[in-house]
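>>> this is the structure alone, sequence omitted:
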């Protein structure tokens, strides 16, 4: 039996496109091929009863002239079943994936909830009391302040005379020896003064020579006077011996000549006084010459110390001193001994009592962050210096106070990279205690009887016990204690156990142990 499609494309009797009229003819349009469309069981059964001889060729098309091959219908049905099966499998996979994802989300949420719940329980459990262990180690207390580097020795090579710069024989960074010439000064007035002083010496020498001749002449005149008088007396004696009135008269005339020795001596004294005055004039002339020469020699400027040239502020041909116009430029040449250097800092009045001579320190530098050098305290000012060179920071924190004291530290082996004026921070170790028992400062409580800590004796019940302690030192964070505690003990640092038991100590001061050893500023053993 053959099926025929009606002209409206609707199956007769079945009410859909899967119903066919028997005995019909025609070809199913390609655009409305039924393969893949659902087929009713009745139509399938009817098509199964179609004789094999009445069907189309199996090798031909599935549909032709209204006739349907049973095998083609069977293939179509198998295709539809396979398609429906795959659709169900795909839906099953989607459902399974969604279920697995949901299970994972639930599981993750459970773990997260457990973790959060556990942490919350722990926080609630620990909220009552907080503990910290008693630690044993080296306790150090320090005072820190910033300042500037300075050379141990520094001189300014400034000329003592005015003039024009002549030669400049050094450059910045040169090493110089004591007495080495640095530069020269040109000053014609100094040369003129030397020449004039030399002329003064020559004139004074001539005056001395003339005065000396006058003295010599006075002595000669005296001697000649004496000799003339003696000769006259001798001649008179000879005449008297010759006899006769004539001889007697001549002898009397010759004997009447005499020598005025007093006048001769007076002339000698006057001549000697003139000589002394001439000699004094020569001495004055010599002194003037020496002074002129010495002043002229100051045109050559030398270094008074051995060291390094750290600054050169002059140029040849430029004026110096009063001859310079405008403001000065500072030291013409600066020499510094950089074999050792100092750090000058200002320590506030709270911390200055902790600082003493020869205390060790560590110095760091802003310009060389990787450099750290040892130093020691060499000088502590006895009077305040105002706000100081830098902000001091000590055990009580805070920045520089209004009252500070200058402290100098010596760096015996400075690094070659360091230069005067660089910023440096010095940390002075003011106290060291070996094997110290240390607890957080909040663990130490005080009452009328003294200080104590609360020690955990039963971790399960969190039972605590009060233990009396003695505070030895504190740096504001940790307190060194002595008493009935040992390393590893857990002490209460906060929470309910501290409520109403007094405020924490603000800091421990220096104390003595049972043997009387002083721990302030010294290395001691307290553990």
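Done, it's in. In this text the structure is predicted, and so the values were computed from the model without any measurement. Numbering: from 1, shown residues only.
>>> show me what the biggest strand by length in the chain is packed up against.
Using DSSP state E to define each element, the chain has its longest strand at strand 135-157. Counting contacts by 3 or more Cβ pairs under 8 Å, 6 or more residues apart in numbering; DSSP states H and E, strand 135-157 is packed against strand 307-312, strand 333-348, strand 423-440. Yep, even glycine has a C-beta here, placed from its N, CA and C like the rest.
>>> from those, which stretch is densest packed?
strand 333-348 (a mean of 23; mean count of other Cβ atoms under 10 Å).
>>> in its sheet, which strands sit next to the helix or strand just after that one, and in what direction?
Counting by DSSP states H and E, the next helix or strand C-terminal to strand 333-348 is strand 360-365. If you go by DSSP bridges, strand 360-365 pairs up with strand 372-380 (antiparallel), strand 423-440 (antiparallel).
>>> can you list contacts of strand 360-365?
Residues external to strand 360-365 that are found in contact with it (Cβ atoms under 8 Å, 6 or more residues apart in numbering): 149, 343, 371-377, 409, 411, 418, 422-429.
>>> 7 Å instead, please
Applying Cβ atoms under 7 Å, 6 or more residues apart in numbering, the contact partners of strand 360-365 are 343, 371-377, 409, 411, 418, 422, 424-429.
>>> in that strand, which residues are buried?
361-365 (16 or more other Cβ atoms under 10 Å).
>>> over to stretch 265-277?
Those buried within stretch 265-277 under the rule 16+ other Cβ under 10 Å are 267-268, 271-272, 274-275.
>>> tell me the secondary structure for residue 331?
coil (DSSP: H, G, I helix; E, B strand; the rest coil).
>>> could you count how many residues lie near the residue nearest to it when sequence neighbours are not counted?
Setting aside the residues directly before and after it, residue 331 is nearest to residue 156 in space (Cβ to Cβ, 6 or more residues apart in numbering), at 3.8 Å. Residues near residue 156, counting by other Cβ atoms under 10 Å, number 12.
>>> can you show me the helices along this protein?
Under the criterion DSSP state H, the chain carries helices at the ranges 41-48, 70-126, 188-242, 244-255, 261-297.
>>> quickly, which of these bottoms out on average pLDDT?
For those, mean pLDDT drops lowest on helix 41-48, to a mean of 48.
>>> returning to that earlier point: what's the closest of the buried residues of stretch 265-277 to residue 76?
Set against residue 76, the nearest of these by Cβ to Cβ is residue 275 (163.9 Å).
>>> mind listing what the closest one touches?
By Cβ under 7 Å, 6+ apart, the residues touching residue 275 are 208, 211-212, 215.
>>> swap the cut-off to 6 Å and go again
211-212, 215 (Cβ atoms under 6 Å, 6 or more residues apart in numbering).
>>> closest to residue 462 among these?
residue 211 (116.0 Å).
>>> wait, what's in contact with the closest one?
274-275, 278.
>>> what do you get for residue 292?
By Cβ under 6 Å, 6+ apart, residue 292 lies in contact with 193-194, 197.
>>> rerun that using 10 Å as the cut-off
190-198, 200 (Cβ atoms under 10 Å, 6 or more residues apart in numbering).
>>> now the residues you listed in CSV, with neighbour count?
Putting the contacts of residue 292 into CSV (neighbours: other Cβ atoms under 10 Å) gives the following:
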residue, neighbour count
190, 20
191, 13
192, 12
193, 18
194, 20
195, 12
196, 13
197, 20
198, 14
200, 19
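>>> how much space separates the closest residue to residue 270 other than its chain neighbours from residue 266?
Of all residues not flanking residue 270 in the chain, residue 218 sits nearest, at 7.4 Å (Cβ to Cβ, 6+ apart). Residue 218 is 9 Å from residue 266, where distance means Cβ to Cβ, to the nearest Å.
>>> can you get me the start-to-end distance on stretch 417-427?
21 Å (Cα to Cα, to the nearest Å).
>>> average pLDDT for it?
Mean predicted confidence for stretch 417-427 is 92.
>>> and residue 409, how far is that from residue 193?
For residue 409 relative to residue 193 (Cβ to Cβ), the value is 49 Å.
>>> repeat for residue 166
From residue 166 over to residue 193 (counting by Cβ to Cβ), the distance is 18 Å.
>>> now do residue 435
77 Å.
>>> ok, now residue 281?
Taken as Cβ to Cβ, the span from residue 281 to residue 193 is 18 Å.
>>> contacting residues for residue 355?
143, 145, 345, 347, 361, 377, 380, 394, 405, 407, 409, 428, 430, 521.
>>> can you check residue 478 too?
132, 135, 137, 139, 141, 436, 438-441, 443, 508.
>>> sorry, back to before: hmm, which of the contacts of residue 355 is lowest in pLDDT?
residue 521 (41).
>>> now stretch 228-237: buried residues?
232-233, 235-236.
>>> repeat that for stretch 167-178.
168-170, 174, 176.
>>> quick one: end-to-end length of it, please.
End-to-end span of stretch 167-178 (Cα to Cα): 19 Å.
>>> the closest residue to residue 264 other than its chain neighbours and residue 277: what is the separation?
Once flanking residues are discounted, residue 264 sits nearest to residue 222: 3.4 Å by Cβ to Cβ, 6+ apart. In this structure, residue 222 and residue 277 are 21 Å apart, going by Cβ to Cβ.
>>> which residues touch the nearest residue to residue 260 once chain neighbours are set aside?
With sequence-adjacent residues excluded and distances taken as Cβ to Cβ, 6+ apart, residue 260 is closest to residue 225, at 7.1 Å. Applying Cβ under 10 Å, 6+ apart to residue 225 gives the contacts 258-261, 263-264.
>>> of those, buried ones?
Using 16+ other Cβ under 10 Å, the buried ones in the contacts of residue 225 are 259, 264.
>>> where do the strands sit along the stretch 401-527 of the chain?
For the stretch 401-527 of the chain, the strands defined by DSSP state E, counting those that start in this stretch cover 404-411, 423-440, 445-447, 450-458, 463-474, 478-483, 490-495, 523-525.
>>> so which of these is nearest residue 182?
strand 404-411 (26.7 Å).
>>> so what does that closest one touch, helix or strand wise?
Helices and strands touching strand 404-411, by 3 or more Cβ pairs under 10 Å, 6 or more residues apart in numbering; DSSP states H and E, are strand 135-157, strand 333-348, strand 360-365, strand 372-380, strand 423-440.
>>> my guess is residue 477 contacts residue 443. True?
No. Assessed by Cβ atoms under 10 Å, residue 477 is found out of contact with residue 443, at 11.4 Å.
>>> circling back: show me which of the buried residues of strand 360-365 is closest to residue 311.
Minimum distance to residue 311 across the buried residues of strand 360-365 is 20.2 Å, recorded for residue 365 (Cβ to Cβ).
>>> please name the bridge partners of the closest one.
Note on residue 365: beta-bridge partners by DSSP bridges are residue 424.
>>> confidence score at it?
pLDDT, residue 365: 95.
>>> and the protein, what are its domains?
Under automatic domain parsing, the residue ranges defining each domain of the chain are 1-126, 188-298, 432-525.
>>> pick the one among the contacts of residue 275 closest to residue 314.
Once Cβ to Cβ is applied, the member of the contacts of residue 275 that ends up nearest residue 314 is residue 211, at 49.3 Å.
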